[in-house]
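Undergrad: What shape does this take:
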Amino acid sequence: MSSPFKPITPAPRPRNDAPSSPRPLDAAWQRWIVEQRLRGCTVESMLQSLQGAGHARADAERAIAAIESEPAYAVAQAVQQRHRKLEAVALNLQRLWASDPQYRRVEKRADLSADEFAARYVRGCRPVVLTGHTRDWPAMRTWSPEDLKRRFGHLDVDVQSERNADTNYEQNKLKLTRRVNLGAFVDQVVRGGPTNDYYLTANNELLRRPEFAPLLADIGSLPPLCDRSQLMERSSFWFGPAGTVTPLHHDTLMLFHTQVVGRKRWRFVSPLEWSRVYNLRNVFSEVDLERPDPARFPDFQDAAVLEVVVEPGETMFLPLAWWHQVASLDVSLSFSYSCLAVPNQFDYPDPAAPVPLPPAPPPVRTADAMQAELLNAVAAAGGIVEAQFGDGSALRFRSGVSGIEVQVNLAGSRASYYGERLAGLARDGRAIQCHFADGSSISIMPFG
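TA: Okay, the predicted model is just below:
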């Protein structure tokens, strides 16, 4: 048995057989075009790449021409020129800085005065290894993996694990954090040999816990310009095997890092060479100093890399914004702290491009929404057309002296909602043409 209902005639739609304009490249490809042009790539090389990706040459030519005529592209070029000026200033200063014959040597200094330390290394922004001040540290006599297990092995701590499975392990450190028993972790480090797969790092917040207070009691004299009252809140404990690597990055403050057990190799790149380290997101470089890739990162070949090995009892001072990569050469216990009695809070914008918000969905036209909700449209006595909705409400259309009159049978209903949005009505034979305030329209053809 066939259905007594016939479909409601919708508002007119564009013809499917209308000629279509050339399909533009999507937003990702348009952004790629802008990036390549700003990098100085030729139009021909870009066309070859676009054709290789399956785009028609004519479409690619139109897309490139369209982007280059955009006012936004002109603004991007102006911003790029200012960026190039800043980059040139930094690299010119770096060239002057690096003309010092001793530039690549990271000094090791004992018994520095506060004035010289502040002038030459803090405000002078130079890395230096401090020696001698740990002579009175109980930690230098007692700390070891075995001591750590004996005193604190019953406690649980947060460590990074499965780092080898994630190339961005430091950026994703929170996802890789696992809570483990410290005693079991000590055994894993001692027996596991060199590896970068697991590491108890600064983000463990271990020294904020009262049960680990004895570790802080093992810290003696501090380097110049340190405020001991801030030590508990601004210090971190590190423990891991040989082979751990903290990838190339810069910190957002200045700090000290004291080796108590084991050695670490520190490598540095000047903050003035930021344009050569491919800092594309947050504080991280794309370059791995363990395996530099000149094909991917050609500009890095011009960067000057400083290197020093920090021995037990020595403290690395990390000046502001210096890029550094750190590798443990032995099983290592370290203590870092940022409690300098000088301004030590700085802001760095993320160089990554903002993630564009997805485009807002087009607003639902009133006519389309009404058509989706209509259950039926019927003809009643007296030439009335009745549009019926799922909530039991109805819009009734009747021809009157002044035109088509509208009646709603239920206040606050779906019929009432659409009735309030009507902007005009007309008859087309038996059908009622409903026009809404948003410009949409629907033709209601009654049955029966």
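
Undergrad: I would like the residues contacting stretch 374-383, please.
TA: Contacts to stretch 374-383, defined as Cβ atoms under 8 Å, 6 or more residues apart in numbering, come from residues 5, 8, 385-390, 396, 398-399, 430, 444-448. C-beta here means a position set from N, CA and C on the backbone, and glycine is covered the same way.

Undergrad: Emit the ChimeraX select command for whichever of the residues you listed are buried.
TA: Selection of buried members from the contacts of stretch 374-383 for ChimeraX, criterion 16 or more other Cβ atoms under 10 Å:
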select :8,385,386,387,388,389,396,444,445,446
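
Undergrad: Tell me where the chain has helices.
TA: Secondary structure of the chain (DSSP state H): helices at 27-38, 43-52, 57-68, 71-98, 114-116, 138-142, 145-152, 182-192, 213-217, 366-373, 414-420.

Undergrad: which helices and strands does the shortest one pack with?
TA: The criterion is 3 or more Cβ pairs under 8 Å, 6 or more residues apart in numbering; DSSP states H and E, and there are no helices or strands that helix 114-116 contacts.

Undergrad: Compute the distance from the centre of that helix to the centre of its chain.
TA: 39 Å (Cα atoms, centre = their mean, to the nearest Å).

Undergrad: and of the helices of the chain, who's closest to S440?
TA: Evaluated with Cβ to Cβ, the helices of the chain place helix 366-373 nearest to S440, the distance being 3.6 Å.

Undergrad: and stretch 38-56, average pLDDT?
TA: Across stretch 38-56, the average pLDDT comes to 87.

Undergrad: buried sites along that stretch?
TA: M46, L47, S49, L50, H55.

Undergrad: For the stretch 1-150 of the chain, which residues score under the pLDDT cut-off?
TA: 1-24 (pLDDT under 70).

Undergrad: Could you rerun that using 50?
TA: Per-residue confidence for the stretch 1-150 of the chain (pLDDT under 50) gives these ranges: 1-22.

Undergrad: do you know how far R265 is from W238?
TA: Using Cβ to Cβ, to the nearest Å, R265 is found at 15 Å from W238.

Undergrad: Same drill for those two, tell me which one is more crowded.
TA: Neighbour comparison, R265 and W238: the larger count goes to W238, with 24 against 15 (by other Cβ atoms under 10 Å).

Undergrad: ok, that one touching L206?
TA: No. Between W238 and L206 there is no contact under Cβ atoms under 8 Å: 9.6 Å.

Undergrad: list the residues that contact both of the two?
TA: Each of L200 lies in contact with both W238 and L206 under the rule Cβ under 8 Å, 6+ apart.

Undergrad: nearest to T134, of the buried residues of stretch 38-56?
TA: Distances from T134 to those, taken by Cβ to Cβ, are shortest for S49, at 56.6 Å.

Undergrad: Spit out the contact partners of the closest residue to the closest one other than its chain neighbours.
TA: Spatial nearest neighbour of S49, excluding adjacent residues (Cβ to Cβ, 6 or more residues apart in numbering): Q36 at 7.9 Å. Residues in contact with Q36 (Cβ under 8 Å, 6+ apart) are S45, M46, S49.

Undergrad: Can you report how many residues neighbour D438?
TA: Other residues near D438 come to 13 when the count uses other Cβ under 10 Å.

Undergrad: gap between it and L422?
TA: Relative to L422, and taking Cβ to Cβ, D438 is found at 11 Å.

Undergrad: Check L50 too.
TA: For L50, the distance to L422 - Cβ to Cβ - is 49 Å.

Undergrad: D156 now?
TA: 67 Å.

Undergrad: One more: G192?
TA: Going from G192 to L422 by Cβ to Cβ gives 75 Å.

Undergrad: which non-adjacent residue is nearest C226?
TA: Once flanking residues are discounted, C226 sits nearest to C339: 5.5 Å by Cβ to Cβ, 6+ apart.

Undergrad: residues contacting that neighbour?
TA: Counting by Cβ under 8 Å, 6+ apart, C339 touches L222, C226, D227, R228, S229, Q230, L231, E233, R234, S235.
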